[in-house]
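Chemist: Fold the following and give me the result.
(chains A and B)
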Amino acid sequence: MSSANPTYRLLIALVLAVALMALDQRSRWGDPIRYAFGYLAAPMHYLAHLPVDTARWVGSQTHSRQELVESSQRLQRQVLILEQKVQRLAVLEAENVRLRELLNSSANLDASVLVAEIIGIDPDPNRQELVINKGGRDDVKQGQAVLDSQGLIGQVVEVGPLSARVLLITDASHAMSVQVNRNGVRAILAGTGQGNRLRLLYVPDTADVRKGDLLVSTGLGQLYPRGYPVAQVVSVSHQSGAAFAEIQARPNAHLDRVSHVLLVQSMEPVSLPDARLPEGGSTETSPAPGHTTSDNVEVPDAAQ
Amino acid sequence: MRLNNERPAGTGVILVTFIVAALLEVMPLSDSLNWVRPDWMLLVLLYWVLVLPHRIGVLWGFFLGLYHDVLVGTTLGQWALAYAFGAYFMLAAYKRMRVFPLLQQSAVVFLLVGSANLLAFLVQESVGRTLYPPYTILYSAAASAVLWRLVCAALRWTQLRFLVR
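Modeler: Below you'll find the predicted structure:
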């Protein structure tokens, strides 16, 4: 009957598809459908990632004793250096909070993070997206910022039950507010669609932006946490006649090589009494000082 | 393959072939190979429509496309529409298609995959998520046409081995 005339079925499919597109683009009602289908889609990403996982596991099982000793020594040296930096950081942070209080400006935000593994890459060259192995069940929320150890990577744009999609800062449809770390010049950093290129938009020709400048997030837009490194300026060219300078930047994070990422979970204001020296390097996922020692950080008196 | 008067069997096997196709669809490839990634799910769908037109048709295409949408994170309905049209065109052409030599079959597959991809591209363009010019979808269509013979052989073997009808 109807299989003899598939045109009706095509019409049904056409109407359904157009309705779905409108629903997905113009409202949030597409999300429940995605979420439900996510139970079927996420296992595919996990399965497709399995060979990579296995190879990594085999690799980790076949290290020689020599290699392990060397890597352990290297890591110990690294921990020592980082601990020394953290010691200074705690004092600076306390001082910073105190100075901000003097200025009556809001306190810095400290974030706790969730570690996730990248299990998929968008196959479409038109889009720069990743799939991570944490989803709604691990309290991942839409709009969460995603970092790696070097800098910002992007934001969560779609949450499934077992996985989530991350829009990278290099996607052509992505833009965010940044400032030059050296002097605080603000600009909009936009993706180009190429894996390793970003552009600074609408920067006046006379603005003080130089090659090698570090761009950090400003926190404007309420999406990304403030003060994380995002990119480094690689070229600045001034064209006579053009209103804006042509500025290219390279993301700080290793977008093409990274395997684990950090999801910024919550933002809590840093309060002064908690700003203590962390004991050792024993904080695991949270950069917030978790362990406390008896001696408080010396804080300059507010009255002075 | 022509045992149309018998009871349908082997829906599970058909689903498994779609799962394998979906896996190939999200398998990580290098940047340059990504351009020529064949549309595996559409290829498998076209094969099943070709040999079982009374069972696999437009609605299978629609729901398979919807799954593809969630899998790769496109606008819901984008690939659903494309796959529904792909299945529809194949339903219109399957009788001729069966008597075509393989090279001519590949040409038809090129046209079908190309037009389905074009539909998907138009939807993606309208939501502003395209970057490269439309002719880039032809790479994937060409790869699909080249691999049609291989897909055909593998699925023919599966079909005969597991008695799908």
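Chemist: For the rest of this, base every contact and every neighbour count on C-alpha atoms.
Modeler: OK.
Chemist: What's the local residue count around residue A:218?
Modeler: Counted with other C-alpha atoms under 10 Å in any protein chain shown, residues neighbouring residue A:218 total 23.
Chemist: oh, I was asking about residue A:81
Modeler: The local packing of residue A:81 (other C-alpha under 10 Å) involves 11 other residues.
Chemist: again with residue A:137
Modeler: Other residues within reach of residue A:137, judged by other C-alpha under 10 Å, total 12.
Chemist: Please apply the same query to residue A:247.
Modeler: Neighbours of residue A:247 using other C-alpha under 10 Å come to 21.
Chemist: how much space between residue B:126 and residue A:23?
Modeler: Look at residue B:126 and residue A:23: by C-alpha to C-alpha, to the nearest Å, they are 14 Å apart.
Chemist: Specify the local secondary structure of residue 41.
Modeler: In the absence of a named chain, this looks at chain A. Secondary structure, DSSP: H, G, I helix; E, B strand; the rest coil: residue A:41 is helix.
Chemist: Please name the residues that touch it.
Modeler: Applying C-alpha atoms under 8 Å, 6 or more residues apart in numbering or on different chains to residue A:41 gives the contacts B:67, B:70-71.
Chemist: Mind putting the residues you listed into JSON lines with pLDDT, distance to chain A and secondary structure?
Modeler: Shown next, in JSON lines, are the contacts of residue A:41 (pLDDT from 0 to 100; distance: C-alpha to the nearest C-alpha, whole Å; DSSP: H, G, I helix; E, B strand; the rest coil):
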{"residue": "B:67", "pLDDT": "95", "distance to chain A": "7", "secondary structure": "helix"}
{"residue": "B:70", "pLDDT": "93", "distance to chain A": "6", "secondary structure": "helix"}
{"residue": "B:71", "pLDDT": "93", "distance to chain A": "5", "secondary structure": "helix"}
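Chemist: TSV please, covering those residues and showing distance to residue A:234 and neighbour count.
Modeler: Converted to TSV, the contacts of residue A:41 look like this (distance: C-alpha to C-alpha, whole Å; neighbours: other C-alpha atoms under 10 Å in any protein chain shown):
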residue	distance to residue A:234	neighbour count
B:67	41	22
B:70	37	23
B:71	35	24
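Chemist: circling back to that earlier point, same drill for residue B:126 and residue A:23, tell me which one is more crowded.
Modeler: Set residue B:126 next to residue A:23 and count neighbours by other C-alpha under 10 Å: residue A:23 wins out with 17 against 10.
Chemist: for the more buried one, helix, strand, or coil?
Modeler: Relying on three-state DSSP, one would call residue A:23 helix.
Chemist: State the distance from it to chain B.
Modeler: As judged by C-alpha to the nearest C-alpha, to the nearest Å, residue A:23 and chain B stand 8 Å apart.
Chemist: Contacts only, for that residue.
Modeler: A:29-30 are the contacts of residue A:23 under C-alpha under 8 Å, 6+ apart.
Chemist: Tell me if residue A:146 really is in a helix.
Modeler: No. Using three-state DSSP, the assignment for residue A:146 is strand, not a helix.
Chemist: Quick one: find the helix or strand in chain B with the lowest mean pLDDT.
Modeler: Ranked by mean pLDDT, DSSP states H and E, the weakest helix or strand in chain B is helix B:31-34, scoring a mean of 86.
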